[in-house]
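# this one's structure only:
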């Protein structure tokens, strides 16, 4: 084998090796996310009946223990209402929140939280017009699956 053939062969080996390394660099985060982090998803039905004639101009605060519903009841357009979801995270967990349906444009909440322990999440309804509103409030939790999962989640933040 002459020098030119050896150089060409080494170029091919280098190209294949580089391709394998790049592939591993792209696949590793996806595999790590699937293997080291567990997901959980909860959906809370949300509803409200808003009118200009209801006589309740004070803020209402409520909590429905054990249910998966955020029922705001009947409200006046001049008032708002807050409901709480009690969450318990035995380890540091990332929570993402999302509202769906025609009620979503009137809900006020933090989009993401990271915490460990017990926490009440407030979901405030601020109606701007009369109507019947409904939808879902989605809670997505991501928590580490072991020590490597904890490290992976810290790197992802």
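That came through fine. Remember, it's a predicted structure, so these values are computed and weren't measured experimentally.

# drop to CA atoms for contacts and neighbour counts, all remaining ones
OK.

# So for the residue nearest to residue 125 when sequence neighbours are not counted, what's the pLDDT?
Ranked by CA to CA, 6 or more residues apart in numbering and with sequence neighbours excluded, the top spatial neighbour of residue 125 is residue 107, at 4.6 Å. As predicted, residue 107 sits at a pLDDT of 93.

# Residue 107 and residue 7, how far apart?
65 Å (CA to CA, to the nearest Å).

# what about the residue nearest to residue 125, neighbour count?
20 (other CA atoms under 10 Å).

# Please apply the same query to residue 8.
11.

# Enumerate every residue touching it.
The contact partners of residue 8, by CA atoms under 8 Å, 6 or more residues apart in numbering, come to none.

# Which of the three states applies to it?
helix (DSSP: H, G, I helix; E, B strand; the rest coil).

# Residue 5 now?
helix.

# Could you pull out the helices in this protein for me?
Along the chain, counting by DSSP state H, helices occupy 3-36, 147-156.

# where among the ones you listed is the average confidence lowest?
helix 147-156 (a mean of 55).

# Quick check: the gap between the nearest residue to residue 40 once chain neighbours are set aside and residue 89.
Spatially, and ignoring its direct neighbours in sequence, residue 40 is nearest to residue 141 (5.1 Å; CA to CA, 6+ apart). Residue 141 sits 9 Å away from residue 89, taking CA to CA as the criterion.

# Of these two, which one has the most company?
residue 141 (20 against 16).

# ok, residue 127 - contacts?
50, 77-80, 106.

# Could I get those in CSV, plus columns for distance to residue 2?
Output for the contacts of residue 127, formatted as CSV (distance: CA to CA, whole Å):
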residue, distance to residue 2
50, 85
77, 86
78, 88
79, 86
80, 83
106, 75
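
# Residue 116 touches residue 93, doesn't it?
Yes: Residue 116 is in contact with residue 93 according to CA atoms under 8 Å; the separation is 6.3 Å.

# okay, those two: which has more neighbours?
When residue 116 and residue 93 are compared for neighbours, residue 93 comes out ahead with 23 against 13, by other CA under 10 Å.
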